[in-house]
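Trainee: Quick check, what structure comes out for this input:
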Amino acid sequence: MASNAAFNEEKELQPSTMHRPSGSGFGAEEGYEEQSSFERRENVRSSGSRGGNGARGRQSKAGADQSSLKILGGGGDSQSFQMAALTTDGANVMDGTKMTGKELHTSRTESPGPAKMVGTKKKYRSRSASASSLDSASSGSYTGSSSEEDDASPREVIQKNSGGSSDFCVRKINQHSYGRREIEIAEQEMPGIMALRHKAKEDRPLKGAKIVVCTHINAQTAVLVETLVTLGAQVRWAACNIYSTQNEVAAALAEAGVPVFAWRGENEEDFWWCIDKTISAESWQPNMILDDGGDATHVMVKKYPAVFKLMRGIVEESVTGVHRLYQLSQSNKLSVPAMNVNDSVIKTKYDNLYSCRESILDSLKRTTDIMFGGKQVVVCGYGQVGKGCCQSLKNMGCVVFVTEIDPICALQACMDGFQVVKLSEVVQKVDIVITATGNKNVVTRDNMDKMKNGCIVCNMGHSNTEIDVLSLKTADLTWEKVRSQVDHVIWPSGKRMVLLAEGRRVNLSCSSVPSFVVSITAATQALALIELFNAPSGRYKADVYLMPKLMDEFVSSLHISAFEAHLTELSEEQAKYMGLSKTGPFKPNYYRY
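Mentor: Reported below is the predicted structural model:
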């Protein structure tokens with residue numbers, strides 16, 4: 001096969017290895033300590049130099065441009081959706097509002113500065129894990145299966161699937177049957193993305209799309225990736241998090257012919273190598289990115305700028321990734337259109353509020369076996385995630401306190417019956433501390449020094465820097481591993497603090513995200529990819545766009561049938577009176593749900 005010219009050009013100009021990014025974001029010139037890299041760096045076993053040649057990809061004919069997405073509607077009629085999104089410069093096709101400077105930074109986190117190690121290396125004392133402790137491991141994988149780490153790196157082992165292909169790198173390909181069962185279970189609870197797969201499979205709206213996917217790898221996201229393949233796309237997939245990968249699921253996708261490069265417990269070198277393998281392969285030139293955290297976009301920008309300029313679009317679903325896209329846009333380094341899925345109404349409400357109010361309880365139960373009734377809990381942050389956590393904890397009989405910097409969110413907490421306090425006022429008496437701000441150093445070493453014996457500390461926010469874990473790695477403290485993702489940090493006085501997932505997102509590390517919620521997010525991501533790939537030339541410029549309201553409503557309509565819900569239809573007179581179309585959108589873009 002002939003190698004791609006654009007990649008040959010880049011390989012001559014760029015080093016062959018991926019270095020840690022620097023600066024406060026894509027647009028910055030220096031001093032960038034990437035949050036996700038910082039998270040992955042902590043307590044990951046180092047490994048020696050590993051080989052690995054470029055993997056062969058697949059080539060397809062470019063799909064013809066389409067001016068609209070044609071999807072079979074619920075009533076069997078063919079509907080043509082003309083979708084356009086909002087940009088920071090104003091509306092493009094549909095009516096919209098221009099975003100102000102303040103709105104650009106809503107719900108986005110501050111990138112942490114360079115971290116400093118305090119004192120000497122931490123003391124770590126291991127305890128033998130019981131059978132129940134092993135069962136508490138929440139990767140969604142089976143004990144004794146491929147999720148258990150082997151001494152040999154997958155990069156050092158040559159594996160082939162039943163089709164004879166070796167264009168993948170997973171822990172154990174022979175565990176694919178376990179992963180396939182996981183995917184089949186997930187499909188039953190993901191009505192929206194399955195409905196989209198069924199409705200659009202004949203049209204194949206992603207034919208010709210070559211998508212670099214960098215997301216969490218689990219049964220639910222596998223349903224999304226297989227939907228993209230069914231709709232005509234070619235996909236190469238790497239993980240956005242080194243701890244959340246379900247190895248059996250990765251094996252199932254590799255067995256099905258999807259080039260997957262991921263396994264649970266990668267070190268940082270492995271992480272960047274895997275992403276690079278999704279971008280650089282013979283006879284493969286990607287034209288779309290589906291990202292969660294901005295890592296794939298970062299590699300493309302820094303290492304393959306010529307290829308990046310040829311991209312058709314980027315779809316990003318995380319706070320951090322969106323923040324970095326806006327930085328790229330503001331520094332005039334974003335050369336392709338990008339869709340901000342994170343701030344879509346449907347994703348914000350369901351992925352943040354409804355999902356987190358279930359997963360916080362599941363995470364705490366799995367890791368600590370705690371009884372909630374009567375426990376005193378402080379939740380730092382009363383955004384959508386904080387609201388969900390507070391609702392479920394209150395319903396379980398907890399006494400809940402809230403900390404907030406925003407007077408609007410603080411007033412909401414008061415009206416919902418929660419006492420708004422400063423962390424320093426209650427940290428000595430609470431049983432559980434939960435962070436949900438996306439900020440850094442929300443819980444400091446001074447706070448942790450004052451906590452009572454047995455206090456549980458965990459993070460539900462996007463950033464892994466909310467709890468100052470580095471300050472606990474001093475010579476005077478001892479770390480005792482209790483079970484997977486559960487550590488006791490022991491003070492010289494004998495006081496113990498229970499730290500979950502070392503400050504990383506506890507709902508991803510110690511629990512699972514409900515498949516129904518992922519279906520909503522996945523359907524939104526798939527529609528965003530379809531829209532960007534099929535949009536006529538000129539509809540989208542090199543900017544960051546919000547999801548079209550019509551797309552949010554369509555995703556919702558795909559899911560309400562699961563509840564046997566029936567929508568009321570406007571009459572012609574009512575629609576005229578309200579100034580609306582009978583088919584939507586039903587709310588203006590400035591409406592707050």
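
Trainee: remind me which residues of the stretch 351-500 of the chain are low pLDDT?
Mentor: Applying pLDDT under 70 to the stretch 351-500 of the chain flags the ranges 463.

Trainee: same question, the chain
Mentor: Flagging of the chain using pLDDT under 70 yields the residue ranges 1-151, 463.

Trainee: Give the closest residue to R357 in space, chain neighbours not counted.
Mentor: With sequence-adjacent residues excluded and distances taken as C-beta to C-beta, 6 or more residues apart in numbering, R357 is closest to G388, at 3.4 Å. (C-beta placed from N, C-alpha, C; glycine too.)

Trainee: mind listing what that neighbour touches?
Mentor: Listed by C-beta atoms under 8 Å, 6 or more residues apart in numbering, the contact set of G388 reads 352-358, 360.

Trainee: next structured bit after the helix or strand it falls within?
Mentor: Using DSSP states H and E, G388 sits within helix 384-395. The first helix or strand that comes after helix 384-395 along the chain, using DSSP H and E, is strand 399-403.

Trainee: What is that next one packed up against?
Mentor: Strand 399-403 sits against strand 376-380, helix 384-395, strand 419-420, with contacts defined as 3 or more C-beta pairs under 8 Å, 6 or more residues apart in numbering; DSSP states H and E.

Trainee: again, 10 Å this time
Mentor: In this structure, strand 399-403 makes packing contacts with strand 376-380, helix 384-395, helix 407-415, strand 419-420, helix 423-426, strand 432-435, judged by 3 or more C-beta pairs under 10 Å, 6 or more residues apart in numbering; DSSP states H and E.

Trainee: Check the secondary structure at E502 for me.
Mentor: helix (DSSP: H, G, I helix; E, B strand; the rest coil).

Trainee: how near is it to T465?
Mentor: Distance, E502 to T465, by C-beta to C-beta, to the nearest Å: 12 Å.

Trainee: Could you pull out the helices in the stretch 101-250 of the chain for me?
Mentor: Remark: helices assigned in the stretch 101-250 of the chain by DSSP state H, counting those that start in this stretch are 101-104, 131-135, 176-188, 191-200, 219-230, 247-255.

Trainee: Of the ones you listed, which is nearest Q159?
Mentor: Q159 sits nearest to helix 247-255 of all the helices of the stretch 101-250 of the chain, at 8.1 Å, using C-beta to C-beta.

Trainee: Just name the most buried of the helices and strands packed on strand 399-403.
Mentor: With neighbours defined as mean count of other C-beta atoms under 10 Å, the helices and strands packed on strand 399-403 peak in mean count at strand 432-435, which reaches a mean of 26.

Trainee: Can I get that strand in CSV? Just the C-alpha atoms.
Mentor: This file holds the C-alpha atoms of strand 432-435, laid out as CSV (Å, rounded to 0.1, in the frame of the first residue of the first chain):
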residue,chain,number,x,y,z
ILE,A,432,-18.2,12.3,53.7
VAL,A,433,-16.6,15.0,51.6
ILE,A,434,-17.6,15.1,47.9
THR,A,435,-16.1,17.6,45.3
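
Trainee: List the strands paired with it, with their directions.
Mentor: When pairs are called by DSSP bridges, strand 432-435 turns out to pair with strand 376-380 (parallel), strand 455-459 (parallel).

Trainee: chain center to it: distance?
Mentor: Here strand 432-435 is found 21 Å from its chain centre; the criterion is C-alpha atoms, centre = their mean, to the nearest Å.

Trainee: got it, and stretch 402-420?
Mentor: Stretch 402-420 has its C-alpha centroid displaced from the chain centroid by 27 Å (C-alpha atoms, centre = their mean).

Trainee: quick revisit: any idea how far the residue nearest to R357 is from I434?
Mentor: Using C-beta to C-beta, we find G388 at a distance of 11 Å from I434.

Trainee: Likewise for M311?
Mentor: Going from M311 to I434 by C-beta to C-beta gives 38 Å.

Trainee: for the residue nearest to A296 when sequence neighbours are not counted, what are its contacts?
Mentor: In space, and not counting its chain neighbours, A296 is closest to C214: 3.6 Å by C-beta to C-beta, 6+ apart. Counting by C-beta atoms under 10 Å, 6 or more residues apart in numbering, C214 touches 236-241, 262, 274-275, 278-279, 289-300, 321.

Trainee: same question, I183
Mentor: 190, 218-223, 225-226, 246, 248-249, 252-253, 256.

Trainee: just the buried members of the contacts of C214?
Mentor: Using 16 or more other C-beta atoms under 10 Å as the burial test, these include 236-241, 262, 274-275, 278-279, 289-300, 321 as buried.

Trainee: Which of those residues fall in strands?
Mentor: If you go by DSSP state E, the buried ones among the contacts of C214 have 236-239, 289-291 in strands.

Trainee: So of those, which two are at opposite extremes in space?
Mentor: Longest distance between any two of those is 14.7 Å, between A239 and I289; criterion C-beta to C-beta.

Trainee: ok, back up a step: would you format the contacts of G388 as JSON lines with neighbour count and distance to V443 included?
Mentor: Formatted as JSON lines, the contacts of G388 follow (neighbours: other C-beta atoms under 10 Å; distance: C-beta to C-beta, whole Å):
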{"residue": "N352", "neighbour count": "23", "distance to V443": "20"}
{"residue": "L353", "neighbour count": "18", "distance to V443": "23"}
{"residue": "Y354", "neighbour count": "17", "distance to V443": "25"}
{"residue": "S355", "neighbour count": "22", "distance to V443": "23"}
{"residue": "C356", "neighbour count": "27", "distance to V443": "18"}
{"residue": "R357", "neighbour count": "19", "distance to V443": "21"}
{"residue": "E358", "neighbour count": "17", "distance to V443": "23"}
{"residue": "I360", "neighbour count": "29", "distance to V443": "16"}
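
Trainee: Tell me the one of those nearest M194?
Mentor: S355 (18.6 Å).

Trainee: Any figure for the gap between the closest one and V379?
Mentor: 16 Å.

Trainee: show me the residues around the closest residue to L206 other than its chain neighbours that make contact.
Mentor: With C-beta to C-beta, 6+ apart as the criterion, L206 has its nearest non-adjacent residue at 3.9 Å, and that residue is A233. A233 is in contact with 60, 63, 204-211, 213, 225, 227, 287-288, 290, 526, 529-530, 533, counting by C-beta under 10 Å, 6+ apart.

Trainee: Same question for R197.
Mentor: R197 is in contact with 187, 190, 223-224, 226-231, 523, 526, counting by C-beta under 10 Å, 6+ apart.

Trainee: again, 8 Å this time
Mentor: Applying C-beta under 8 Å, 6+ apart, the residues near R197 are 226-227, 230-231.

Trainee: Buried members of those residues into PyMOL, please.
Mentor: Buried subset of the contacts of R197, written as a PyMOL selection, criterion 16+ other C-beta under 10 Å:
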select buried, resi 226+227+231
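
Trainee: For the contacts of R197, give me CSV that also has distance to K452.
Mentor: Formatted as CSV, those follow (distance: C-beta to C-beta, whole Å):
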residue, distance to K452
E226, 48
T227, 48
T230, 53
L231, 54
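
Trainee: which among the contacts of R197 gets closest to L472?
Mentor: The nearest member of these to L472, counting by C-beta to C-beta, is E226 at 41.3 Å.
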